[in-house]
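Undergrad: Below: sequence and its predicted model.
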Amino acid sequence: AAIVLDANILIRAVLGQRVRELIRAHASTVKFFAPDVAYADARKYLPALLDKRGVDPIPAMQVLDALERIVHPLDVEVYGGLQQQAPRRIKTRDADDWPVLACAMVLGCPVWTEDADCFGTGVATWTTDRVALYLGGGYINGKSTAMPTALTTGRRDFFDGYFIIGGFEYLPRDGVVLGI
């Protein structure tokens, strides 16, 4: 499994615990990516956010730097070929987010974001409050040992099975997506 992170998720990983914990918990089973411009945006906006919160910027920026070992930055050479198509899919929303959508389209994976820019683009979009469903993939190890975020650490259940989450999307033309 793979997922592309928006700049707002990178910022949340620096400022809070939940996003960083989700990334760490699933780093061995999920490949995390972000376009290079998402890291540039995070580096641009974090200093003011940190100053506003009274947080020392040096260790916080080191957290962002360390994230690059888990959340792999993608250069424009990887996603630039979709520079025309991706903004057309976003249309009236924030067209500056096209690199996130383009990365997801190139990799064939969903987006993790807190804004609605990628909704209705034909690419699955997860928010932090639901992304654990995608990242965990359910009880996939078949050994009755819960996945990292399925139960509190150290607990064990006796369920030995799987669950599947799915849906269908149809893109009749650019900018129109139907889904269930």
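TA: Received it, and whenever you're ready, just let me know what you need. The structure displayed is predicted, hence computed values, not measured ones. Numbering: from 1, shown residues only.
Undergrad: switch to C-alpha atoms for all contacts and neighbour counts from now on
TA: OK.
Undergrad: Quick one: neighbours of Pro73, just the number.
TA: Neighbour count for Pro73, taken as other Cα atoms under 10 Å: 19.
Undergrad: right, and it touches Lys31 too?
TA: No: look at Pro73 against Lys31 with Cα atoms under 8 Å: they stay out of range, at 11.3 Å.
Undergrad: Mutual contacts of those two, please.
TA: Counting by Cα atoms under 8 Å, 6 or more residues apart in numbering, no residue touches both Pro73 and Lys31.
Undergrad: how close does Arg173 sit to Arg89?
TA: Relative to Arg89, Arg173 is positioned 10 Å away (Cα to Cα, to the nearest Å).
Undergrad: go on, Val30?
TA: For Val30 relative to Arg89 (Cα to Cα), the value is 26 Å.
Undergrad: Likewise for Ile58?
TA: In terms of Cα to Cα, Ile58 sits 38 Å off from Arg89.
Undergrad: These two - which one has more neighbours?
TA: Applying other Cα under 10 Å to Ile58 and Arg89 shows that Arg89 carries more neighbours, namely 25 against 10.
Undergrad: can I get the CA coordinates of the helix or strand containing that one in CSV?
TA: If you go by DSSP states H and E, Arg89 is part of helix 85-90. Extracted in CSV, the C-alpha atoms of helix 85-90 (Å, rounded to 0.1, in the frame of the first residue of the first chain):
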residue,chain,number,x,y,z
GLN,A,85,-4.6,16.9,-16.3
ALA,A,86,-4.3,17.2,-12.5
PRO,A,87,-5.3,20.9,-12.3
ARG,A,88,-8.3,20.2,-14.6
ARG,A,89,-9.5,17.6,-12.1
ILE,A,90,-9.2,20.0,-9.2
